[in-house]
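A.B. asks: Take this sequence and fold it.
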Amino acid sequence: MDFKKQTYAIQVSQFIRKMIQEGKLSPGAPVKENDLATFLNISRAPIREALQILTQDGLIVSEPQKGKTIRVLSAKEIIDGYALTAILEAEGIIMSLDNWTDEDNKDLLNILKKMGNKSKKAADITDLAELDELLHNMLLSRCTNEQLIENARRFSSNISKYLCREYWKKSFNPQSFYSRHKKVVDSFFTKNPEQIRKTIFDHYNELAVAISKLIEND
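C.D. replies: Predicted structure coming up:
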């Protein structure tokens, strides 16, 4: 690995993220500084810093006797985490409704249209992952509270991209995935805060329940 010295920690954290994403480091797997330092042929200091970054992001946990491991999420943690995601995302959308332009509305509908078209030939919902991220980012694009946005997207990203990726991709078929996002967009255009809150909560709660059931039945 040819890492630039000034960005060692960031690049190491990205490398570990990729290993989690590709299933090379599964939930519960140990993460050892010495092994990573030897494999990447760099000192332990940037490894330690990278692990701190990933711990703060919720991907790694540190426990007495066990050391650092890839985080394992319980069904309750998934449901609770998605509930928090829903609250933050809905409030971020609602507080920024007046900031939307006609061009923003067109961009949102265009993303949804692309998702609908792609869902017809997608093998599974991983084919729609990029559009899923674009759509949710677009819904929060006019919110000016950066901390809200960061926290709203972090847990959802950890689930779909890293910690439960294999379960996430089996949670819904592509057509259902698109239909669920259409409901969210439809609720947005009502401009009704309560309707938006309910739809966003249902959207994430249904996903949390689906993933939790898959984990329990595995």
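A.B. asks: drop to CA atoms for contacts and neighbour counts, all remaining ones
C.D. replies: Will do.
A.B. asks: Work out which residue lies at the spatial centre of the protein.
C.D. replies: Ser157 (1.0 Å; CA atoms, centre = their mean).
A.B. asks: Contact partners for that one?
C.D. replies: Applying CA atoms under 8 Å, 6 or more residues apart in numbering to Ser157 gives no contacts.
A.B. asks: what about 10 Å?
C.D. replies: Glu133, Leu163, Cys164, Arg165 (CA atoms under 10 Å, 6 or more residues apart in numbering).
A.B. asks: ok, of those, which one's closest to Arg71?
C.D. replies: For the contacts of Ser157, the minimum distance to Arg71 (CA to CA) is 7.2 Å, reached by Leu163.
A.B. asks: Kindly tell me how buried the spatially closest residue to the closest one that is not a sequence neighbour is, as a neighbour count.
C.D. replies: Nearest non-adjacent residue to Leu163, counting by CA to CA, 6 or more residues apart in numbering: Pro27, 6.3 Å away. Residues contacting Pro27 under the criterion other CA atoms under 10 Å number 18.
A.B. asks: try Val72
C.D. replies: 16.
A.B. asks: which SS state does the closest residue to it other than its chain neighbours fall under?
C.D. replies: Spatial nearest neighbour of Val72, chain neighbours left out: Pro27 (5.0 Å); criterion: CA to CA, 6+ apart. When classified by DSSP: H, G, I helix; E, B strand; the rest coil, Pro27 comes out as coil.
A.B. asks: Could you report the pLDDT at Pro27?
C.D. replies: We have a pLDDT of 93 for Pro27.
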